[in-house]
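A.B. asks: Give the three-dimensional model of this entry:
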Amino acid sequence: MTDATARPSRSTGPTSVLHVLVYSSDANTRAQVVRALGTRPHPDLPELECIEVATEPVVIRRMDSGGIDLAVLDGEAAPAGGMGIAKQLKDELDSCPPIVVLTGRADDAWLADWSRAEAVVPHPIDPIELATSVVTLLRGRDNPRPS
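C.D. replies: Have a look, this model is predicted:
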């Protein structure tokens, strides 16, 4: 799906569509994420609709407008990396959805901690690891875990 066809409505209820923003400056990375997630990564979740975004200004605009249930941000994107964008979103949005950051390597997970992302998945993208992280975050979005 492209930015022009994305719907900004917030999903609610068991039959709603969940909107996942997928940011990378690399079309191949966006395609890998979309393929890994599919339209229904878990039977307990509603259908997913991926909104592919290639630039930082569009990420900020889409996240500001609401209706995104989760974001997958590529930490290797250029010129604006997903970790910096994640940090900005967490700092500036009153109600920021969960964020998964894709890192250049597993050893970069500490940077994702700085960005305040809820999950990190290293390149090359492991479809099972990515889907598991996304499902875990989406399942917990309405049921916060006690501290």
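A.B. asks: Am I right that residue 64 falls within a strand?
C.D. replies: No: applying DSSP: H, G, I helix; E, B strand; the rest coil, one finds residue 64 to be helix, outside a strand.
A.B. asks: Adjust the sequence numbering to begin at 10 for everything that follows.
C.D. replies: Done: numbering now begins at 10, and the last item shifts to residue 73.
A.B. asks: Tell me who's in contact with it.
C.D. replies: Residue 73 is in contact with residue 102, counting by Cβ atoms under 8 Å, 6 or more residues apart in numbering. Heads up, the C-betas are built off the backbone N, CA and C, glycines and all.
A.B. asks: Pull up the gap between it and residue 80, please.
C.D. replies: Separation of residue 73 from residue 80 (Cβ to Cβ, to the nearest Å) stands at 12 Å.
A.B. asks: bridging residues for the spatially closest residue to residue 114 that is not a sequence neighbour?
C.D. replies: Closest residue to residue 114 apart from its sequence neighbours, by Cβ to Cβ, 6 or more residues apart in numbering: residue 131 at 5.4 Å. When bridges are called by DSSP bridges, residue 131 pairs up with residue 112.
A.B. asks: I appreciate the help and will end here.
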